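Trainee: Structure, please.
(chains A and B)
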Amino acid sequence: MEESKPETTPNADFLQPWLNMMNQVFTGVFSGISGMQAGNTAGGSGSTEGPARPSQEALMSIFKTWGTLSSAMSEPSAAGTIAGGMATLPDIMSKFFQTGMKGFLQAQAQAAEKIKALGKHTEAYRFDNLDQDGIKAWSDFYDKEIRQYLKIPQLGLVRFYQERFNMAVDKYNIMNAKLGDFLQILMLPMEKSFKVLIEKIEEQVRLKKLPEDPHEHYRMWVKILEGHYMSLFKSNEYTRVMADTLTAFEDFISARNRIFTDAMQSLPIPTNKDLDDLYDELYHLKKRVKEMERANKELRKSTASGG
Amino acid sequence: MEETPKIPVDIILKHLAEDADRAQDRATKASDILLGALETDIATTPYEVIYQEDRVKLKHYLPMREPSGDIKTPLVVVYALINRETMLDLQPERSVVRNFLQAGIDLYMIDWGYPSRKDKYLTIDDHVNGYMDNIIDHVRERVGVDKVNLMGICMGGTFCVIYSALHPDKVKNLVTTVCPTNFDTDQGLLHIWMKDVDADKMIEAYGNMPGDLMNFGFLLLNPARLMIDKYVGFLENMDDKAFVENFIRMEKWIFDSPDVPGETFRQFVKDCYQKNLLIKSQLVVGGKRVNLKNLTMPLLNIYGQFDHLVPPGAADKLTSVVGSTDKEDLCLDTGHIGIYVSSKTQREFTPKILQWLKDRDSPKTETRVKKQPARKTARKASKSSWTARTKNTKPSKEITNA
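Mentor: Coordinates of the predicted model:
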């Protein structure tokens, strides 16, 4: 009966000698180290006989393990298995590459979609009111495209810190956008007042009634400006924008305070929260002491008056 | 045939040339003034601190003359928590404090100090039933009187109203000046804006209400005048040493803004500006209802017709809801700060208070004061648009920042 021949693979021919060689190398290194250690122990003057140093032990154990493994792997049957596995390596690598490439292309396509979508979310610029649209466009862009990245759920040990940091960045951006709105609305009376002033001057020129005193125009402008501001300040739009700006400021300051508290927790100094808790306790204690002092005073008074 | 009007280009150019000359001349003089010694100290009238509790101090002004026999009762002045009481003593020639002292009044004034973060929990109750009550007890004991005369300014006036309602037995006469008591009015922008303020959020973020933020809000009430015209006026008059000194004194005062303790600000905004509880006698302070009918002492209520912070509508309702029958409204032709610092009002404001106190304090005249319904001693502020009345309120060369 013909003895079944182990199935050979194209790589088996070079793999087995290489494993044998590596086995010999490591066995040699291992015996060399053992020999060095033995020599040191036996002939080293002043050296005391004792156990090997932990680092040497660890090194020897690694070499021993490798020796054992490589001996086992250099057995013809095991080498065949490994070689068989290696034969499938290109397939696996190709699969990995394909998956990675697919993911990359998908991400790229998503990004391209997002970029394309930017124009859809924000209104087209109107050139008659460029500044206003500029602020609104940035505000919309931030709200729809950037903000979501700051809201990605955080994972792991530092998730709370990262979340608070992201929130502070988010609030900072919102505050800037609201501040932009606010400053813009605050500048409107300026623009309008100059427009009205020009109309008035044109009227004066047309009627040939320009004032002799050039200061008159300044006074006229301030009066117009004051009027415009008063109208603006009484409008619901202004009240809303102002309230939004204040809220955005307060949100940012609260978020900033929270990350400061996080940062300060690692330092040997009390945080605002620690101090606030302490002040709260002090406040209530002082109040109690004052009440007791007052009651005591009343008592002494009534005792003195024989009441 | 009628002559067509011509543009007087020659005259305009002549004026411009003159202006340029004047500006050059002014700049030269101004540099001498600004680089030279300037007297810009404020609150120079001598005083001693006779009581202190936490950050709060009680100033007792040193008498300038023998005590007057006409007004024996000590006068305790309570300023607002916003800005500083130094406004009553900005400069020697225009000092309410000096005017009182020269009339022989025994004058005390509360200095609220600068609240820090540890003061954020202090409420209106702590200020009124705590600090104020302790101070008034201290003055009563020191002078040996049962009651004091009380004068409140702006928010300090509101505190005085609350105090007098809760401790009527300790107040002989009450003077409120530019004192907001009715917050449900659309005459002033502050009253409109405050309706939308989220006080809880503010206090969570800031702890105490920052003085600089409030100042910015006040500047926004009239940016054309307070942020532009005022400084143009300064540039036009900076060759006048007295003007520069007064201007800088006012700047020193106006931007010296302590923070307002958080809880007090929260309660003031929510209970007063947003719910308007005080004028309805529904405000609760320290667990007690502030019933304005308890205000049975004589009351003099002074306000400014052109006040943009406490417009007439916010001040003139008080006399109609108090329990006192001896009450008087006085509407002066000025603004919120002008009432204390304008030289024109100085001739009216302090003499009026002195006479009014004298009529009710002097042993000779005390019995002659008749109980009378509230009188308006100046024309009642019209209900027309407040904005229309804010125009042309600045007397020439007089600094009225607010």
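Trainee: Now do the closest residue in space to A:Lys290 that isn't next to it in sequence against A:Val289, distance only.
Mentor: In this structure, A:Lys290 finds its nearest non-sequential neighbour in B:Gly130, 6.9 Å apart by Cβ to Cβ, 6 or more residues apart in numbering or on different chains. C-beta here means a position set from N, CA and C on the backbone, and glycine is covered the same way. Here the criterion is Cβ to Cβ, to the nearest Å. By it, B:Gly130 lies 12 Å from A:Val289.
Trainee: higher neighbour count, these two?
Mentor: Between B:Gly130 and A:Val289, counting by other Cβ atoms under 10 Å in any protein chain shown, B:Gly130 is the more crowded of the two (21 against 10).
Trainee: what sits against the more buried one?
Mentor: B:Gly130 makes contact with A:290, B:53, B:122 under the criterion Cβ atoms under 8 Å, 6 or more residues apart in numbering or on different chains.
Trainee: Kindly reformat the residues you listed as a markdown table containing neighbour count, pLDDT and secondary structure.
Mentor: Putting the contacts of B:Gly130 into a markdown table (neighbours: other Cβ atoms under 10 Å in any protein chain shown; pLDDT from 0 to 100; DSSP: H, G, I helix; E, B strand; the rest coil) gives the following:
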| residue | neighbour count | pLDDT | secondary structure |
| --- | --- | --- | --- |
| A:Lys290 | 14 | 90 | helix |
| B:Glu53 | 13 | 95 | strand |
| B:Leu122 | 24 | 97 | coil |
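Trainee: With respect to A:Phe260, which of the residues you listed is nearest?
Mentor: Sorting the contacts of B:Gly130 by how near they are to A:Phe260, with Cβ to Cβ, puts B:Leu122 at the top with 24.2 Å.
Trainee: in the sheet, who's paired with B:Val284?
Mentor: B:Arg289 (DSSP bridges).
Trainee: in terms of contact, does it touch B:Val290 like I think?
Mentor: Yes. Assessed by Cβ atoms under 8 Å, B:Val284 is found in contact with B:Val290 at 7.2 Å.
Trainee: quick revisit: for B:Leu189, see how far away the residue nearest to A:Lys290 is.
Mentor: Between B:Gly130 and B:Leu189 the computed distance is 32 Å (Cβ to Cβ).
Trainee: Over to B:Trp112?
Mentor: 25 Å.
Trainee: try B:Glu245
Mentor: B:Glu245 sits at a distance of 31 Å from B:Leu189 (criterion: Cβ to Cβ).
Trainee: neighbour count winner among these two?
Mentor: Set side by side, B:Glu245 and B:Leu189 give different neighbour counts by other Cβ under 10 Å, the larger being at B:Leu189 (24 against 16).
Trainee: quick one: the more buried one and B:His308 touch, right?
Mentor: Yes. In this structure, B:Leu189 is within contact of B:His308 by Cβ under 8 Å, at 7.1 Å.
Trainee: Now list whatever residues contact both of these two.
Mentor: By the contact definition Cβ under 8 Å, 6+ apart, B:Leu189 and B:His308 are jointly contacted by B:Leu221.
Trainee: Regarding B:Met109, what is its secondary structure?
Mentor: Going by DSSP: H, G, I helix; E, B strand; the rest coil, the secondary structure assigned to B:Met109 is strand.
Trainee: Format the contacts of B:Gly130 as JSON lines; extra columns: distance to A:Glu298.
Mentor: Written out in JSON lines, the entries for the contacts of B:Gly130 read as follows (distance: Cβ to Cβ, whole Å):
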{"residue": "A:Lys290", "distance to A:Glu298": "13"}
{"residue": "B:Glu53", "distance to A:Glu298": "18"}
{"residue": "B:Leu122", "distance to A:Glu298": "23"}
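Trainee: Looking at the residues you listed, which is nearest B:Val321?
Mentor: B:Leu122 (27.4 Å).
Trainee: residue contacts, the closest one?
Mentor: Contact partners of B:Leu122, counting by Cβ under 8 Å, 6+ apart, are A:283, B:115, B:130, B:261, B:263-264.
Trainee: where's B:Val139 relative to chain A, distance?
Mentor: 16 Å (Cβ to the nearest Cβ, to the nearest Å).
Trainee: Surely that residue is in a helix?
Mentor: Yes. With the criterion set as three-state DSSP, the secondary structure at B:Val139 is a helix.
Trainee: contacting residues around it?
Mentor: B:58, B:74, B:76, B:108, B:148.
Trainee: Just give the closest residue to the second one, not the sequence neighbours.
Mentor: Closest residue in space to B:Pro74, ignoring its immediate chain neighbours: B:Asp106 at 4.3 Å, by Cβ to Cβ, 6+ apart.
Trainee: Give me the pLDDT for that neighbour.
Mentor: Predicted confidence (pLDDT) for B:Asp106: 95.
Trainee: Relative to chain A, how far out is it?
Mentor: B:Asp106 sits 24 Å away from chain A when distances are taken as Cβ to the nearest Cβ.
Trainee: The nearest residue to A:Gln265 once chain neighbours are set aside and A:Phe260, how far apart?
Mentor: Excluding the flanking residues, the one nearest A:Gln265 by Cβ to Cβ, 6+ apart is A:Thr271, at 6.4 Å. Relative to A:Phe260, A:Thr271 is positioned 8 Å away (criterion: Cβ to Cβ).
Trainee: Comparing these two, which residue is more hemmed in?
Mentor: Neighbour comparison, A:Thr271 and A:Phe260: the larger count goes to A:Thr271, with 17 against 14 (by other Cβ under 10 Å).
Trainee: Hmm, B:Asp119 is touching B:Gly207, no?
Mentor: No. The pair B:Asp119 and B:Gly207 does not pass the contact test of Cβ under 8 Å, sitting 9.3 Å apart.
Trainee: which residues sit in contact with A:Arg159?
Mentor: If you count contacts by Cβ under 8 Å, 6+ apart, A:Arg159 has them with A:Pro153.
Trainee: What of B:Gln355?
Mentor: Neighbouring residues of B:Gln355 by Cβ under 8 Å, 6+ apart: there are none.
Trainee: And the helices in the stretch 151-300 of chain A, which stretches?
Mentor: The residue ranges that make up the helices of the stretch 151-300 of chain A, judged by DSSP state H, counting those that start in this stretch, are A:159-206, A:215-234, A:236-265, A:272-304.
Trainee: of all those, which lies closest to B:Val175?
Mentor: For these, proximity to B:Val175 was assessed by Cβ to Cβ; helix A:272-304 is nearest, at 27.7 Å.
Trainee: Which residue, neighbours along the chain excluded, lies closest to B:Ile203?
Mentor: B:Gly262 (4.1 Å).
Trainee: list the contacts for the closest residue to B:Leu295 other than its chain neighbours?
Mentor: Here the nearest residue to B:Leu295 in space, its sequence neighbours aside, is B:Val322; by Cβ to Cβ, 6+ apart that works out to 3.9 Å. Neighbour list for B:Val322: B:292-293, B:295-296, B:299 [criterion: Cβ under 8 Å, 6+ apart].
Trainee: Identify the farthest-apart pair in the residues you listed.
Mentor: B:Lys293 and B:Leu299 (12.3 Å).
Trainee: So between those two, which is more surrounded?
Mentor: The neighbour comparison of B:Lys293 against B:Leu299 (other Cβ under 10 Å) goes to B:Leu299, with 25 against 12.
Trainee: just to revisit the earlier point, which of the contacts of B:Gly130 lies closest to A:Leu155?
Mentor: Within these, proximity to A:Leu155 (Cβ to Cβ) peaks at B:Leu122, which comes in at 43.5 Å.
Trainee: How about the backbone phi and psi for the closest one?
Mentor: Main-chain torsions, B:Leu122, degrees, to the nearest 10: phi -70, psi 130.
Trainee: Also B:Gln91?
Mentor: Note on B:Gln91: its backbone torsions stand at phi -150, psi 150 [degrees, to the nearest 10].
Trainee: Much appreciated, bye for now.
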